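Enquirer: A structural model of the following input is requested.
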Amino acid sequence: MEAKIKVAAVSYLNTKPLLYGLERSELMNEMELLLDYPSRLAEQLKHNEIDLALLPVAAIPGIEGARIVSDYGIASDGNVASVAIFSQVPMDGIETVYLDYQSRSSVRLAQLLLERYWGKDVQYQAAPENYIEYINGSTAGVIIGDRALKQFTNFEYVYDLATAWKEFTGLDFVFAAWVANKELPRDFLQAFNVANATGLAHIDEVIAGNPFPYYDLKTYYTENIRYRLDEAKIKGMNKFLEMIAG
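Expert: Numbers count the residues shown, from 1 in each chain. Presented below is the predicted three-dimensional model:
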């Protein structure tokens with residue numbers, strides 16, 4: 001019996017439309033679906049513990065043979081809602097920033113924007129598990145994913161990182177893409193692409209299956225997140241990778 005293809009993604013709400021199609025596809029006979037937080041996926045792919053991952057794009061250059069193998073991912077063309085710097089003071093009052101340990105791309109984006117867009121020289125702190133409790137005064141924090149969507153009423157200032165990137169560069173931003181570092185069967189990848197698209201055609205069912213009282217998921221899935229990696233998204237991604245490499 002052939003070994004199943006190990007596919008890994010994050011369990012955040014933003015992946016639910018993509019996973020909806022995969023979980024209902026015949027591909028589940030050929031693959032094993034694993035869930036973890038973004039920064040862990042990079043290590044797993046690097047060490048060949050998995051074959052394909054919805055990978056934070058900042059991790060791509062560090063993995064030998066890594067390449068994007070699908071037309072779908074997690075991107076935005078402005079306000080993304082779930083990746084932001086949260087603070088109780090305006091940007092000019094921020095002195096320290098907690099960096100969310102769960103994501104590499106979001107953290108690199110935050111650092112790049114703080115330095116080059118906002119012109120800030122801040123202290124960075126690795127975030128402990130309960131770091132949101134410590135965001136106060138001149139200490140801000142990068143919060144991502146579902147946790148970010150729960151925080152809008154708790155903080156005076158929210159600096160959306162995809163919005164800031166758009167204002168800074170005029171470009172779209174890609175947070176994660178389906179990446180493999182080895183040859184996978186062409187038939188599998190074609191069916192994988194179709195399964196991603198299928199989920200996006202069932203947004204209402206995805207919302208019904210994931211009750212979330214903190215933020216309107218219809219807005220999130222249809223206005224904040226852009227799932228198709230078109231030419232504009234790839235251009236923005238390449239610019240980001242170029243900037244963090246330099």
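
Enquirer: switch to C-alpha atoms for all contacts and neighbour counts from now on
Expert: OK.

Enquirer: Which parts of the chain are helices?
Expert: 16-23, 38-46, 104-116, 145-149, 161-169, 186-200, 203-209, 217-219, 231-245 (DSSP state H).

Enquirer: for the fourth one, packing partners?
Expert: It stands for helix 145-149. Using 3 or more CA pairs under 8 Å, 6 or more residues apart in numbering; DSSP states H and E as the contact criterion, the neighbours of helix 145-149 among helices and strands are strand 83-87.

Enquirer: ok, and the helix or strand in the chain with the lowest average confidence?
Expert: For the chain, scoring each helix and strand by mean pLDDT, DSSP states H and E identifies helix 38-46 as the least confident one, at a mean of 88.

Enquirer: what angle separates that helix from helix 104-116?
Expert: Relative orientation of helix 38-46 versus helix 104-116 (axes from the mean of the first three to the mean of the last three CA atoms, to 10 degrees): 120 degrees.

Enquirer: how about helix 38-46: buried residues?
Expert: When neighbours are counted by 16 or more other CA atoms under 10 Å, the buried residues of helix 38-46 are found to be 38, 39, 40, 41, 42, 44, 45, 46.

Enquirer: center of the protein - which residue?
Expert: By CA atoms, centre = their mean, the chain has its centre lying nearest to residue 175, at 4.1 Å.

Enquirer: from memory that one sits against residue 107, does it?
Expert: No. With contacts defined as CA atoms under 8 Å, residue 175 does not count as touching residue 107, sitting 10.7 Å away.

Enquirer: hmm, who's touching the strand ranked longest in the chain?
Expert: Counting by DSSP state E, the longest strand found in the chain is strand 67-76. Identification of contacts with strand 67-76 by CA atoms under 8 Å, 6 or more residues apart in numbering yields 14-15, 54, 60, 162, 172-181, 189, 192-193, 196-197, 224-230, 233.

Enquirer: OK, contacts around residue 157?
Expert: Residue 157 is in contact with 86, 87, 88, 89, 90, counting by CA under 8 Å, 6+ apart.

Enquirer: Kindly format the C-alpha coordinates of stretch 120-135 as CSV.
Expert: These are the backbone C-alpha positions of stretch 120-135, laid out as CSV (Å, rounded to 0.1, in the frame of the first residue of the first chain):
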residue,chain,number,x,y,z
LYS,A,120,9.9,53.0,14.5
ASP,A,121,12.9,51.8,16.6
VAL,A,122,11.2,49.5,19.1
GLN,A,123,12.2,46.7,21.4
TYR,A,124,10.9,43.3,20.2
GLN,A,125,9.9,40.7,22.8
ALA,A,126,9.2,37.0,22.1
ALA,A,127,5.6,36.5,23.1
PRO,A,128,4.8,34.0,25.9
GLU,A,129,1.5,32.0,25.7
ASN,A,130,-0.6,34.6,27.5
TYR,A,131,1.1,37.7,26.1
ILE,A,132,-2.1,39.5,25.1
GLU,A,133,-2.6,40.1,28.9
TYR,A,134,0.6,42.2,28.9
ILE,A,135,-0.3,44.5,26.0
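
Enquirer: Right, I'll leave it there.
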